[in-house]
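Asker: Pasting the sequence and the predicted model now:
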Amino acid sequence: MEITIQPLHHSTPELLALVARLHHAVMPTLLSDLGIPFVERYFQAGAADSSVIGMVALLPDGRTPCGYVIGCPRPDRLMAQLRSPFLWFVRQILQLLFTRPSVLLQLVVSALSIQGQMGEDPSVIEVSYLGISPETRGAGLGEKLMRTFLDACRQAGYRAVALSVEIENQAAVAMHKKVGFQVKKAFREGRFNRYRMEILL
Ligand SMILES: CC(C)(COP(=O)(O)OP(=O)(O)OC[C@H]1O[C@@H](n2cnc3c(N)ncnc32)[C@H](O)[C@@H]1OP(=O)(O)O)[C@@H](O)C(=O)NCCC(=O)NCCS
């Protein structure tokens, strides 16, 4: 048996918890900084949202995720689902306030800066996250996962796929270019220099 790729929507709660841990380990994003409970909530919300397109790559044992990609037309709306259930959210925020207030500050800054920037064109879907476990990198899996994702977006009727990537992330930039993404612009976001990339389907 070889590595298989299946839709995120087919994931059991146990698999989603493992995908969340994989994301937390390989993607040093604000979502990861918020902690595993938020990452788990994010993937649960993604798997339950019909506007989301996501794929999970599984090792030959059929249960261990080694890669994932998730995208949606309104990433801000998916992130907004982290606020429910409300009491759970308040408890998590209070915990952050007392343990890691700087992460909370980043969250507020990020929420303010993305307001109104996304989802202007409903025919474009945004890749939110893509990650491959370090042990399975360099064997073509990231490319395969991205091509499977692009096929699913095409079948769902999207016109284009867009993403932002740090310019210094040479592996990701090279992979995106290889599958056909083009750089639309370079921009600065906080302390990061990023490319905005797009592919027409
Ligand atoms: C970027 C990432 C997804 C690539 O996954 P991968 O499975 O290792 O990539 P692949 O083996 O499919 O490689 C596909 C192409 O990407 C490029 N590439 C991959 N790794 C590279 C590296 N270390 N340096 C330069 N180019 C690289 C090559 O063009 C490669 O094609 P080739 O093998 O014919 O030369 C993986 O490194 C990763 O998970 N990184 C951490 C998370 C991340 O950066 N996600 C992307 C955020 S937008």
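Answerer: Cool, the structure landed. Here the structure is a predicted model, which is why all the values come from computation and not from measurement. Numbers count the residues shown, from 1 in each chain.

Asker: what sits against residue 71?
Answerer: 52-54, 125-128, 149, 153, 161, 163 (CB atoms under 8 Å, 6 or more residues apart in numbering). Heads up, the C-betas are built off the backbone N, CA and C, glycines and all.

Asker: residue contacts, the residue of the chain found nearest the ligand?
Answerer: The ligand sits closest to residue 142 of the chain, with a gap of 2.4 Å, by CB to the nearest ligand atom. For residue 142, the contact set (CB under 8 Å, 6+ apart) comprises 67, 130, 132, 175.

Asker: change it to 6 Å
Answerer: Shown in contact with residue 142 (CB atoms under 6 Å, 6 or more residues apart in numbering): 132, 175.

Asker: Figure out how far the helix or strand bottoming out on mean pLDDT in the chain is from the centre of its chain.
Answerer: When the helices and strands of the chain are compared on mean pLDDT, DSSP states H and E, helix 101-114 comes out lowest with a mean of 76. Relative to its chain's centre, helix 101-114 lies at 18 Å (CA atoms, centre = their mean, to the nearest Å).

Asker: Packing partners of whatever helix or strand comes next after it?
Answerer: Downstream of helix 101-114, the first helix or strand assigned by DSSP states H and E is strand 124-132. Applying 3 or more CB pairs under 6 Å, 6 or more residues apart in numbering; DSSP states H and E, we find strand 124-132 packed against strand 65-72, helix 141-155, strand 160-166.

Asker: ok, for residue 201, nearest residue in space, not its chain neighbours?
Answerer: Leaving aside its sequence neighbours, residue 201 sits nearest to residue 154 (CB to CB, 6 or more residues apart in numbering; 4.4 Å).

Asker: Can you check the pLDDT for the residue nearest in space to the middle of the chain?
Answerer: Note on the chain: the residue nearest the mean C-alpha position is residue 129, at 2.1 Å, using CA atoms, centre = their mean. Listed pLDDT for residue 129 reads 96.

Asker: Since that was my last question, I'll sign off now.
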